[in-house]
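Enquirer: how would this look folded up:
(2 chains)
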There are 2 protein chains.
Amino acid sequence: MKSKATFYHAGCPVCVAAERGVADAIDHEKYDVDVVHLGQQKQRLGEAERAGVRSVPALVLDGQVFHINHGADLSALK
Amino acid sequence: MKSKATFYHAGCPVCVAAERGVADAIDHEKYDVDVVHLGQQKQRLGEAERAGVRSVPALVLDGQVFHINHGADLSALK
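Expert: Numbering: from 1, shown residues only, chains lettered A, B, ... in the order given. Prediction:
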């Protein structure tokens, strides 16, 4: 069974670079990668917060949060 | 030809979590992943700095630096 990877971003330049770099580099044989634009999918902000995401871009792998560089704080997206 | 991924760390808990998460999730079919412990391989500090690494853990993919969470500033390792 594949593990779950969720990449949260907000379309910012730092986010796009991280998506093209890190999210694309993830092994898609091992992970189902879900890419979520929190600026456009505000209904998923709560889910991101509960996962521990404080800023974007962030990658959640098996429930563990990795903040990658810094584009925007989550609070700026509300 | 495979692309080059270099994961710089310093053995800190934040680093180890990022290595087990992000570095292990990288597609090894697409990337040759080099894991560098800068605490033990201080001769590679200069190379990391030139690549733009400011703190560990950091992942350099095709020359682009992604700082993942924050374990230690590079200056603390000198």
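
Enquirer: can you give me the strands in chain A?
Expert: A:3-9, A:31-37, A:55-61, A:64-73 (DSSP state E).

Enquirer: of those strands, which approaches B:Asp73 most closely?
Expert: Across these, the minimum distance to B:Asp73, taken as Cβ to Cβ, is reached by strand A:64-73, at 14.9 Å. For every residue, glycine as well, the C-beta is placed using N, CA and C.

Enquirer: tell me what that closest one is packed against?
Expert: Using 3 or more Cβ pairs under 8 Å, 6 or more residues apart in numbering or on different chains; DSSP states H and E, the elements in contact with strand A:64-73 are helix A:13-18, strand A:55-61, strand B:64-73.

Enquirer: still on that earlier bit, format the strands of chain A as TSV; extra columns: mean neighbour count and mean pLDDT.
Expert: Formatted as TSV, those follow (neighbours: other Cβ atoms under 10 Å in any protein chain shown; pLDDT from 0 to 100):
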stretch	mean neighbour count	mean pLDDT
strand A:3-9	21	97
strand A:31-37	16	97
strand A:55-61	25	97
strand A:64-73	19	96
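
Enquirer: which residues sit in contact with the residue of chain A found nearest chain B?
Expert: In chain A, the residue that lies nearest chain B is A:Asp27 (4.0 Å; Cβ to the nearest Cβ). Contacts for A:Asp27 were tallied using Cβ atoms under 8 Å, 6 or more residues apart in numbering or on different chains; they are B:Ala25, B:Ile26, B:Asp27, B:His28, B:Glu29.
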